[in-house]
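# Next comes the sequence, and after it the predicted model I'd like to discuss.
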Amino acid sequence: MPKATLLLTGGLGYIGSHTAVALAAAGYDFVILDNGSNASVGVLQGLQKIIGISPEFIRADVRDAQVLRDLFAHRKFEGIIHFAGLKSVGESCEKPAEYWDNNVIGSLTLVREALNAGIKKIVFSSSATVYDASNISPLREDAKLGTSNPYGTTKLVVEKLLEDFARSQGLQVVSLRYFNPIGAHESGWIGEKPSGIPANLFPYVMDVATGKREKVSIFGDDWPTPDGTGVRDYIHVMDLAEGHIAAWEALSSGKLKTHQDFETSCNNESRRGTNVASSCNQEGLFFACNLGTGCGTSVRELIEVSREVTGHLIPAIITSRRPGDVAAVWANVSLAQTIFGWTAKRKLRQAVEDGWRFKSQQT
Ligand code: NAD
Ligand code: UFG
């Protein structure tokens, strides 16, 4: 008997597929709904090898209300983990309409149909990008919010949308603000496969290690950080995946019910806006929580570990800063520790080793 049946929108993607593995290991049943815009059904074969069965898959778009209505009429879901969306900062600046349509309209359609079908619990893939660039790390959930690109704006707008539905319609939401997921499942059978030239550091470094690309550009070595290069909070994607299980269990057990509970368990440390118990609807809940390691790693450090793990030179040059970048971003993870009982377990080196295993098996 499964613990619960969950719908994973975007479940063929990088984070969704790893979360599927973690859910299967934890005794959950799930259905993947994905339009295939940034993933292939080959992921299903990887999942089958890892978990032993082929997951149930529906090729569909979250903006298709009729598909959702039909699905919810025939299948019972205790909740939804909503990964589906577009995620490239650069692309969002060129095509903001696509980002608003996919990320915002997609989420609105999903939530509306879920509520109509009586599904009230949702875990949402948010991002550290919702924090204003002026904040000093480590970032707490009550840090100032603000975005600098359309992708980030869609994430923040969806958080607000979910919060409104929590207030008025009893929706119960955990919004997980991911820091920088890297690596792959230890089997090497699933992993991250960016289409085109990778925009993010780790997949780019892996491409250079395989010889697919010549060198890494380090975007500035004059940042106010210990070695002058940008610092981020890189989290193993399996740790991130397990964070979803912990979040779901906190949500489904009723543990997140009230702001008062939260304040008590945090020794009355006040955190604005992280757990909005509904003012109009007693059931409603919006709880935003960071998923990171709490440790910062510089660009130079990540390249150095990648050199050690892969045994390749990984040539790197210093170039100018990337527009919109900030010096250092890492998470305060005490909320996830205290409320979900979750903490990232794997070291940076393991993330690089597992990411490299996946990459090596692809080439
Ligand atoms: P991904 O692109 O690998 O996965 C997203 C999946 O959603 C893909 O399989 C894609 O085909 C599917 N999809 C896109 N639009 C859809 C739609 N309208 N209907 C149905 N399916 C659709 O991305 P990911 O890295 O796994 O990210 C998952 C979520 O986490 C995204 O919402 C992303 O914005 C968020 N996030 C990712 C990161 C990161 O660094 N990877 C960081 C913060 C937040
Ligand atoms: N960097 C380089 N060279 C590269 C790519 C990146 O030096 O080729 C540097 C960046 O300047 C930054 C660090 O490596 O200092 C990490 O950059 P990424 O692009 O890998 O990650 P970001 O933190 O900039 O952004 C990512 C996602 C965002 C998300 C954010 C927080 O792209 O969508 O993490 O989750 F919001």
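Done, it's in. Ligands and ions are numbered 1, 2, ... in the order given.

# Can you mark which positions in stretch 106-125 are buried?
Neighbour-count burial for stretch 106-125 flags 106-111, 113-114, 117, 119-125 (criterion: 16 or more other CB atoms under 10 Å). Any C-beta I mention is one placed from the backbone N, CA and C, and that applies to glycine too.

# Check stretch 26-46 too.
Those would be 26, 28-35, 38-39, 43-44, 46, for stretch 26-46 by 16+ other CB under 10 Å.

# same check, this time on stretch 157-168
When neighbours are counted by 16+ other CB under 10 Å, the buried residues of stretch 157-168 are found to be 157, 158, 159, 161, 162, 163, 165, 166, 167.

# How far off centre is it?
Offset of stretch 157-168 from its chain centre (CA atoms, centre = their mean, to the nearest Å): 18 Å.

# Is that stretch positioned near ligand 1?
No - residues of stretch 157-168 are not located near ligand 1 by CB under 6 Å from any ligand atom, the shortest gap being 9.0 Å.

# wait, does that stretch contact ligand 2?
No - using CB under 6 Å from any ligand atom, stretch 157-168 stays clear of ligand 2, coming no nearer than 13.2 Å.

# Residue in the stretch 101-250 of the chain with the shortest distance to ligand 2?
As assessed by CB to the nearest ligand atom, ligand 2 sits closest to residue 230 within the stretch 101-250 of the chain, at 2.1 Å.

# What count of nearby residues applies to that residue?
Counted with other CB atoms under 10 Å, the neighbours of residue 230 add up to 25.

# Got the confidence number for the nearest residue to it once chain neighbours are set aside?
Spatial nearest neighbour of residue 230, chain neighbours left out: residue 299 (5.3 Å); criterion: CB to CB, 6 or more residues apart in numbering. pLDDT, residue 299: 98.

# got the residues of the stretch 1-150 of the chain near ligand 2?
Contact residues (CB under 6 Å from any ligand atom) of the stretch 1-150 of the chain with ligand 2: 87, 89, 127, 128, 129.

# Restricted to helices, list these.
Secondary structure assignment by DSSP state H places residue 89 of those in helices.

# Out of the residues of the stretch 1-150 of the chain next to ligand 2, which comes closest to residue 327?
Nearest to residue 327 among those, counting by CB to CB, is residue 128 at 14.1 Å.

# That closest one against residue 290, yeah?
Yes - counting by CB atoms under 8 Å, residue 128 touches residue 290, with 7.2 Å between them.

# With respect to residue 176, which of the buried residues of stretch 157-168 is nearest?
Within the buried residues of stretch 157-168, distances to residue 176 taken as CB to CB reach their minimum at residue 159, with 10.6 Å.

# Quick check: mean pLDDT of the host helix or strand of the closest one?
Here residue 159 is covered by helix 150-169, with elements defined by DSSP states H and E. The predicted model gives helix 150-169 an average pLDDT of 97.

# Counting neighbours, what do you get for the residue in the stretch 201-350 of the chain positioned nearest to ligand 1?
For the stretch 201-350 of the chain and ligand 1, the shortest gap (CB to the nearest ligand atom) falls at residue 237, measuring 8.3 Å. Burial of residue 237, expressed as a neighbour count using other CB under 10 Å, amounts to 29.

# what about it, distance to residue 17?
From residue 237 across to residue 17, the span is 9 Å (CB to CB, to the nearest Å).

# what's the answer for residue 168, then?
Note on residue 168: its distance to residue 17, by CB to CB, is 34 Å.

# same thing with residue 362?
In this structure, residue 362 and residue 17 are 14 Å apart, going by CB to CB.

# What is the neighbour count of residue 22?
That count, for residue 22 with other CB under 10 Å as the rule, works out to 20.

# Quickly check: the host helix or strand of it near ligand 1 or not.
Under the assignment given by DSSP H and E, the secondary-structure element containing residue 22 is helix 14-25. Yes - Helix 14-25 comes into contact with ligand 1 (CB under 6 Å from any ligand atom), by way of 14, 15, 16.
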